[in-house]
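> coords please:
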Amino acid sequence: MNESDSLLPGTTPLVRQPRLSDQVVEQLRGLIDAGRMRPGDPLPSERELCERFSVSRTVIREAVKALTAKGLVTSVPGSGLIVGTTTIEDVAEIFDLYFRGEPDLQYLDLHEVRYALEPAMCAQAAQNINDEQISGLYSLCDELETYTTDDLVQASRNDAVFHRNIAVASCNSFFVILLDALGRSLLDTRVATFSMDPERLSTVAAAHRSIADGIASRDPSAAAAAMRAHLTEVVDTWNRWAPKAD
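Numbers count the residues shown, from 1 in each chain. Reported below is the predicted structural model:
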């Protein structure tokens, strides 16, 4: 027993209650999560919300501001506030903002995620890709082979689009979401790895063509193996050429 217990017998620590606006946010979020308020549905008016929750307009405005910041509520000109609709691009942007806000996030950590993700993505693409998408992959391979060391930013964008197109061809939206988030964060490292080795452009171009061949053959195992080989070479290049911490 500490001294405060002996001085104030029978008392218990106080529990701070959530702010009223936070309580409103949680209740409205619960309705959205339960499907009782669906994307595109209009939000009740400020007056209605005040009456339903028996709180002031200030509380409702704080709650709506918090819901808007979370993307759960959207303001539409001429229509007022509606329950928000979220696109793949919105989700990727949230991931990207998170990554950029984490200065200690390491390239090799992101690469481990890619290594787990992209071979499975290639295997799925080999099963679902159409002829037009196959042609698009080979066109990107042809384009990458034309770049020189003066075109590293364009080459890096070509690289990113190649991988993203495979994600799209997989017909799994989660692959697209995750790859978009990683891809934006990895653009600078793509430029860096291309600049590390004069032969890097031709190495990546050959790897991409091998991946495209595996996918075009509709062979999931070959496609996944080609992607694993590519990503292994990528991290080997990084480990060989990247500046080492003191």
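> Which stretches in the chain count as helices?
3-7, 20-33, 46-53, 57-69, 88-100, 107-128, 131-144, 152-169, 173-196, 200-216, 220-241 (DSSP state H).
> To residue 77, which of the ones you listed lies closest?
Among the helices of the chain, the nearest to residue 77 by Cβ to Cβ is helix 57-69 (14.3 Å). For the C-beta atoms, the positions are set from N, CA and C on the backbone; glycine is no exception.
> Would you indicate which residues of the closest one are buried?
Across helix 57-69, burial judged by 16 or more other Cβ atoms under 10 Å covers 59-60, 62-64, 66-67.
> hmm, who's touching stretch 222-237?
With contacts defined as Cβ atoms under 8 Å, 6 or more residues apart in numbering, stretch 222-237 is touched by 108, 111, 114-115, 118-123, 125-126, 193, 196-197, 200, 203-204, 207-208, 210-211, 213-215, 217.
> Let me see the domain layout of the chain.
Domain ranges of the chain: 20-83, 89-241, per automatic domain parsing.
> just those domains: most buried one?
domain 89-241 (a mean of 17; mean count of other Cβ atoms under 10 Å).
> What ranges in this protein fall below the confidence cut-off?
1-15, 86-105, 184-185, 242-246 (pLDDT under 70).
> ok, so of the buried residues of helix 57-69, who is nearest residue 160?
residue 67 (33.1 Å).
> Please report the distance of that closest one from residue 74.
As judged by Cβ to Cβ, to the nearest Å, residue 67 and residue 74 stand 9 Å apart.
> cool, residue 81 as well?
Applying Cβ to Cβ, the value for residue 81 to residue 74 is 7 Å.
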